[in-house]
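Enquirer: The following comprises the amino acid sequence and a computationally predicted model.
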Amino acid sequence: MNHPSGSSQESNSDPSPSSASPGQPSQPVPAQQAMRVPMPRSAPYVTYSIIGVTVFVYVLQLLSTFTLGKDYLVLYGARINEAILAGELWRFLTPALLHGSIPHIAFNMYALLSFGTGLERHFGHWRFLLLYLLGAFAGNVASFLFSAGYSVGASTAIFGLLGAEAVFLIQNRKLFAGQFRSAIGNIIFIAAINLFIIGSLPGIDNWGHIGGLLGGLIFTSFAGPLYEVEGISPAYHLVDRRPVREVIIGAAMVVLVFGGLAMWGMVR
């Protein structure tokens, strides 16, 4: 994935020396010409932790199957509509920790590593974790509404990351300048391949993918980072101007929309 999250980035901003002096606070830099701005470099601890927990849960699945003859974690954690209708609401989240095979978990964890590390650096640890959980929730609600049988897998949450990546790039397209078109094109290509080709294969719960994608789009539209370049040449830095209240609103929107759909599905 071509995520523009390196150590520095060209931004269409003008490092005008008259905008501030050493004794004045730094001011936003007007967007006029290209310059280099450091990108966030914090370690993606949440991404690594999710991968570690998910792999650990899969090991427990294997142990349950080999020692007890049945995968009890899938039995009590998968998205099974009858169980949800019986009140087991945790199944809107727990399927994201479960997988059906080694290739299944390997593909999903590779996708999480590819998308998650860059997004977490920009979103911050807790906002990224919230995004991941909301994508899983939205995806499993959509799966509950439109799919039969049962489903497991982190792809609901990963499609939430895909939607978040698209909105984040669009909202900060001036910052990423020349990389924007290739990056957004890459995301559209990945989404199209997964939804229309891989998603059409037997055994793939495409509704979960669509729900997760929508959850990520909705949340990030309200809660994603809004960067401005500030500072005095050459010490430019990024400032996220997204208010905390809008992050709360974004999370509430996903919960209200998909929580309402889940309630409708349970009483219809």
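Expert: Looks like it came in fine.
Enquirer: Where does the prediction get shaky in the stretch 151-268 of the chain?
Expert: For the stretch 151-268 of the chain, the stretches with pLDDT under 70 are 178, 197-203, 232-235.
Enquirer: same thing but at 90, please
Expert: The stretch 151-268 of the chain contains residues with pLDDT under 90 at 173-205, 227-240, 268.
Enquirer: Would you map the strands across it?
Expert: Using DSSP state E, counting those that start in this stretch, the strands of the stretch 151-268 of the chain run over residues 227-232, 235-240.
Enquirer: The last one relative to strand 227-232, how many degrees between them?
Expert: Compare the direction of strand 235-240 with that of strand 227-232 by axes from the mean of the first three to the mean of the last three Cα atoms, to 10 degrees and you get 150 degrees.
Enquirer: And for the closest residue to Leu145 other than its chain neighbours, the neighbour number?
Expert: Closest residue to Leu145 apart from its sequence neighbours, by Cβ to Cβ, 6 or more residues apart in numbering: Gly265 at 4.8 Å. Quick note: C-beta positions are derived from backbone N, CA and C, even for glycine. For Gly265, the count of nearby residues is 16 (other Cβ atoms under 10 Å).
Enquirer: cool, and Arg181?
Expert: Applying other Cβ under 10 Å, we find 12 residues neighbouring Arg181.
Enquirer: likewise Thr67?
Expert: Neighbours around Thr67, by other Cβ under 10 Å: 8.
Enquirer: quick one on the thing from earlier: how about the contacts made by the residue nearest to Leu145?
Expert: By Cβ atoms under 8 Å, 6 or more residues apart in numbering, Gly265 lies in contact with 141, 144-145.
Enquirer: deepest of the strands of the stretch 151-268 of the chain, which one?
Expert: Of all the strands of the stretch 151-268 of the chain, strand 227-232 carries the top mean neighbour count, a mean of 20, counting by mean count of other Cβ atoms under 10 Å.
Enquirer: Please compute how far that strand lies from its chain's middle.
Expert: 25 Å (Cα atoms, centre = their mean, to the nearest Å).
Enquirer: packing partners for it?
Expert: strand 235-240 (3 or more Cβ pairs under 8 Å, 6 or more residues apart in numbering; DSSP states H and E).
Enquirer: Pull out the CA atoms of the strand it packs on and give them to me as PDB.
Expert: C-alpha atoms of strand 235-240 as PDB (Å, rounded to 0.1, in the frame of the first residue of the first chain):
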ATOM      1  CA  ALA A 235      11.300  23.800  11.600                       C
ATOM      2  CA  TYR A 236       7.900  23.200  10.100                       C
ATOM      3  CA  HIS A 237       5.600  20.700  11.800                       C
ATOM      4  CA  LEU A 238       2.000  19.300  11.400                       C
ATOM      5  CA  VAL A 239      -0.800  20.200  13.700                       C
ATOM      6  CA  ASP A 240      -4.100  18.300  13.800                       C
END
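Enquirer: picking up where we left off before, with distance to Ile218 as new columns, can the strands of the stretch 151-268 of the chain be given to me in TSV?
Expert: Below are the strands of the stretch 151-268 of the chain laid out as TSV (distance: least, Cβ to Cβ, whole Å):
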stretch	distance to Ile218
strand 227-232	20
strand 235-240	19
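Enquirer: Can you point out the buried residues in stretch 87-98?
Expert: If you call a residue buried by 16 or more other Cβ atoms under 10 Å, then stretch 87-98 has these buried ones: 91-98.
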